[in-house]
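> Below is the sequence, then the predicted model.
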Amino acid sequence: MTSNEIPYIKKDIDVVISGVKYPLDNPPLQFEILGKWGKARAAKLTLPHHCCNTPMFMPVGTQGTVKGLTSQQLVDLNCGVVLGNTYHLGHRPGPEVMDAVGGLHQFMNYPRAMLTDSGGFQMVSLLQLAEITEEGVQFQSPHDGSTMVLTPELSMQIQNSIGADIMMALDDVVSSTTVGPRVEEAMYRTLRWIDRCISAHKKPETQNIFCIVQGGLEPTLRDICMDGLIARNFPGYAIGGLSGGESKDKFWRVVHQCTSKLPENKPRYLMGVGYALDLVVCSALGVDMFDCVFPSRTARFGSALVPSGSLNLKSSEYAFDFTPIDPECTCMVCKNYTKAYLHIVAGKEAIGGQLITYHNISYQMSLMNQIRESILNNSFPDYVKSFIQKQYPNKDCPQWAIDALKEVNIII
Amino acid sequence: MSFQVTKAVDNKNTTTTTNYRCGRLNIGDEKKPLITPTFMLYTKEGSPINLTKDLLNGLPNEKVHSLQLLFSDLYQFKDVLEKYQKGVHEFLSLNEHILFLLFRDSANFSADQEFKDDSINVTARKGKTKVDVQEYNKIINVIRPDLASSLSVDLDWNTGKKKAIKQVQCTLSWLNKLIELQETTTTTTTKQNLLGVIQGCKYSDLRIKSVEETIKHDSKLSGYVLGSFGTGESNQERAEILEKVLEKLPKEKLKIISGVGSPEEILCCVEQGIDVFSTNYPNLMTEWGNALTFTFKLDQFKSVNNSNKINLWDTKYVIDTTPLVKDCPCFTCTQHTKAYIHHLLNTHEMLAQVLLTIHNVSHYLGFFEEIRKTIESNQFEQYKQQFLAKRLLINNKEK
């Protein structure tokens, strides 16, 4: 139900901001922390379509498919949440088709949970095609040149049609390397847009809305933004505007600041982060959810993820290597194919992309599983240390990671 | 290796000779029998296109598939296989399937393939290389497919007679040499199952000569590949040459044809006695965005079917939430809709090809299963007749 439909009677505990009542009534989400080590948490996140274990990595299926994988393979890989992109799906196939076919779950036949972004990120990635006003973002379609004004209302409308378990509020995104008044403007606009998002959300009983903390690399702006968002009591909070080329030292400090202030009993989602080291460090800082195109994109270029980093399977050094990508890995690819064979098809044949993507998603899933297990059995610092030992055997772990981990009492 | 004809029907009337049969090919152990007539899945660099192991083994119908490995593909990683030592099945993770090593690429027939008296030119990623019989013998002992074609080069149907004579002569002398090498240089454990290749383009005298000379080695051969078909001949021309060739080839041996693969062609060739087809027809359909929808069940010809194939690029599928083919048991049809596949094509997503491949290959496997069933139940001729009539009717309507 929305505020326009039901006459609203104010109760003492309610907060009304911009005419919208918070907290949202019974969001279809439960978040139960099962174990902690320092700031790191292992939790059960129950969404309308799936009960997920966090910390978790969410593969990106931009246009309704994680490139090259079937929805059955995603289930076989034990993926929980899969992402869809509102901007892309809003263009093709468009909300009318989504409504007609019964939403994205039905459309791509993925039985588990899904999350859609707001479309706002494309403000950054397609900036030359976008113009931002108080009303919304005006895009020019790269497909057919037509213009579309993405307002908070339209973003919600499209995301309601897509029907993901979690929708993201439309935020005013600026590149993380932007400085000056534009960052502040974007942060305040994000706060103004959030109430329009909530008002426009038509399916609160089946879809959750997460808000996004903005404010660039400015701690004071991040603080103001969080104050505004926390007052509205959302079912989950995302940390946005990072992972866009800023220094890692500034990156982790923003994450740390946010996870220190965001409510303990709500899931925290760090957007666009998916490198193994970032996943481990940010899990230590208390992040629960991550997404990134990196594992699948890098796979199509022939790069496989392993505990020691990544292998460029196109390199001739693997031409005669008859071991699997990762001897410890139990995925379909590692059980059946050697590096020597993958070397032949990596980056060249479609099957190469399919196989390496499969492995890389499996790697991400197993990495998150290990993080979660070690939090639950109280061995998280040991796990982090052994992870870093494997990734950086020459003791050249980046300083920012050492600093970040030290902040949460894990000494490398 | 053994091939057993399990059911054969010979009919000779004034106009045509029919000689169709079902068979069972056993390679080594009995665990992976190949039931014929069937077709080989098309591969690229050794892998069936778009089918990872889980998807390949999840296809409905039979569990053992035959795959055609292209010599020019495998030649590129012969050094790797040599060092690997465990053979191509293990390397490609295709142990449970039957691998044929062939020269003819059923997808890209190039009429200008070069050969000399002692060698052929193999075109690979890195350019052209000469391969002679000695080298080929060495390589097949490394690859160790289930069946390996003898060295041969397919030519255009209308090749001049002089070149066709040379083709037949070279193919024969290469076969002699290859058998000799196999007899002398390899132990019994590594001896390969060889396939003789019948050449001669459109010239029946050359074809007959090719057969007569090749079958002199029959005891050393596991079957025969009928070369240079699907290279520009009419159905009539093909049928005439096939009849002459098949009449003279030993009945109890496997017959393989490459480059011929539309449903009509398959039924005609099966009727004449072909057992295995090397074709990329299902993959070609996938490339064009087509899904095969033709009716292939004998008891369904009377139902109102609608299409032989549909093109998923068509915007009429935008919100079509039905499967490609109702009641099709494949993963694509049980799990996905036309609308989704249309969207995947439209957004240039790789999954479009994956899902279409699964369906098109499954559809063809189902078609062949029905062919075998109707042969077993003595209904093949009726089946072929009704099938062709129905397809023709729909094709005409679609025009």
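Structure's in. What do you need? Residues are numbered from 1 along each chain as shown, chains lettered A, B, ... in the order given.
> pull the longest helix from the chain.
By default, I'm working from chain A. Longest helix of chain A, by residue count under DSSP state H: helix A:350-376.
> Chain B is the one I meant
helix B:350-376.
> Helix A:350-376 and that one, what's the angle between them?
Counting by axes from the mean of the first three to the mean of the last three C-alpha atoms, to 10 degrees, helix B:350-376 lies at 110 degrees to helix A:350-376.
> Return the set of buried residues in helix B:350-376.
Buried residues in helix B:350-376, counted by 16 or more other C-beta atoms under 10 Å in any protein chain shown: B:350-372, B:374-375. C-betas here are computed from N, CA, C, even on glycine.
> Need the residue closest to the centroid of the chain.
Using chain A. Centroid-nearest residue in chain A, with C-alpha atoms, centre = their mean: A:D291, separated by 3.1 Å.
> Sorry, I should have been clearer: chain B.
Geometric middle of chain B (C-alpha atoms, centre = their mean) lands on B:S278, at 1.2 Å.
> Apart from its neighbours in sequence, what residue is nearest that one?
B:S258 (3.9 Å; C-beta to C-beta, 6 or more residues apart in numbering or on different chains).
> Name the residues of the stretch 101-250 of chain A found near chain B, please.
A:101-102, A:106-109 (C-beta under 8 Å from any C-beta of the partner chain).
> what about 10 Å?
A:101-102, A:106-109, A:143 (C-beta under 10 Å from any C-beta of the partner chain).
> List buried residues within those residues.
Buried by 16+ other C-beta under 10 Å: A:101, A:106-108, out of these.
> And the pLDDT for residue 284?
All of this refers to chain A. Note on A:A284: pLDDT of 98.
> try chain B instead
According to the model, B:L284 carries a pLDDT of 97.
> nearest spatial neighbour of it, skipping sequence neighbours?
Excluding its sequence neighbours, the residue lying closest to B:L284 (C-beta to C-beta, 6+ apart) is B:A107, at 7.2 Å.
> Can you get me a residue count around the nearest residue to B:S72 once chain neighbours are set aside?
Ranked by C-beta to C-beta, 6+ apart and with sequence neighbours excluded, the top spatial neighbour of B:S72 is B:V122, at 5.0 Å. Residues lying near B:V122 (other C-beta atoms under 10 Å in any protein chain shown) number 20.
> doesn't B:V122 fall inside a helix?
No: the assignment for B:V122, made by DSSP: H, G, I helix; E, B strand; the rest coil, is strand rather than a helix.
> List the residues that contact it.
B:71-73, B:75-76, B:103, B:113-114, B:128-131, B:135-136 (C-beta atoms under 10 Å, 6 or more residues apart in numbering or on different chains).
> is stretch B:60-68 up against chain A anywhere?
No: if you take C-beta under 10 Å from any C-beta as the test, stretch B:60-68 misses chain A, and the best it gets is 12.9 Å.
> Point out the residues in the stretch 201-350 of chain B that sit beside chain A.
B:318-321, B:331-332, B:334-337, B:339-340, B:342-344, B:346-350.
> cutoff 8 Å now
B:318-319, B:321, B:331, B:335-337, B:339-340, B:343-344, B:346-347, B:349-350.
> which bits of the stretch 51-200 of chain B sit near chain A?
B:51-55, B:76-77, B:79-80, B:83-84, B:91-93.
> From the residues you listed, list the buried ones, please.
B:51-53, B:55, B:76-77, B:80, B:84, B:91-93.
> Count the neighbours of A:S260 for me.
Look at A:S260: counted by other C-beta under 10 Å, it has 12 neighbours.
> now do A:D396
8.
> now it: how far from B:L393?
A:D396 sits 72 Å away from B:L393, taking C-beta to C-beta, to the nearest Å as the criterion.
> Check B:K53 too.
With C-beta to C-beta as the criterion, B:K53 and B:L393 are 40 Å apart.
> got the contact list for residue 82?
Picking chain A for this. Shown in contact with A:V82 (C-beta atoms under 8 Å, 6 or more residues apart in numbering or on different chains): A:58-61, A:66, A:74, A:110, A:112-115.
> I was thinking of chain B, sorry if that wasn't clear
Per C-beta under 8 Å, 6+ apart, neighbours of B:E82: B:V142.
> which element is it on?
Here B:E82 is covered by helix B:78-84, with elements defined by DSSP states H and E.
> and that helix, average pLDDT?
96.
> nearest residue to the residue of the stretch 101-250 of chain B found nearest chain A other than its sequence neighbours?
Nearest residue of the stretch 101-250 of chain B to chain A, counting by C-beta to the nearest C-beta: B:R125, 8.6 Å away. Closest residue to B:R125 in three dimensions, ignoring its sequence neighbours and counting by C-beta to C-beta, 6+ apart: B:Q76, at 5.8 Å.
> Doesn't B:E381 belong to a strand?
No: per three-state DSSP, B:E381 lies outside any strand segment and is helix.
> who's in contact with it?
Contact analysis of B:E381 by C-beta under 8 Å, 6+ apart lists B:18, B:271.
> pLDDT at it, what is it?
pLDDT, B:E381: 94.
> Relative to B:D327, how far out is it?
26 Å.
> got it, and B:L70?
34 Å.
> which of those two has more neighbours?
B:L70 (22 against 9).
> Could you point out which residue ranges in the stretch 51-200 of chain A have low pLDDT?
A:123-124, A:126-129, A:142-143 (pLDDT under 70).
> Tell me how many other residues crowd residue 121.
Using chain A. A:F121, neighbours per other C-beta under 10 Å, totals 21.
> my question was about chain B
Neighbours of B:N121 under the rule other C-beta under 10 Å: 15.
> got a pLDDT number for it?
Note on B:N121: pLDDT of 91.
> With the one 5 residues further on instead?
Reported pLDDT at B:K126 in the predicted model: 79.
> Then A:P27?
So, for A:P27, pLDDT stands at 91.
> Quick check: chain neighbours aside, which residue is closest to residue 351?
Just going to use chain A. B:S47 (4.5 Å).
> think we crossed wires, I meant chain B
A:T65 (4.4 Å).
> part of a helix, is the one you found?
No: going by three-state DSSP, the assignment for A:T65 is coil, not a helix.
> Neighbours of it, how many?
With other C-beta under 10 Å as criterion, A:T65 counts 25.
> That one reaches B:L344, doesn't it?
Yes: with contact defined as C-beta atoms under 8 Å, A:T65 counts as touching B:L344 (6.2 Å).
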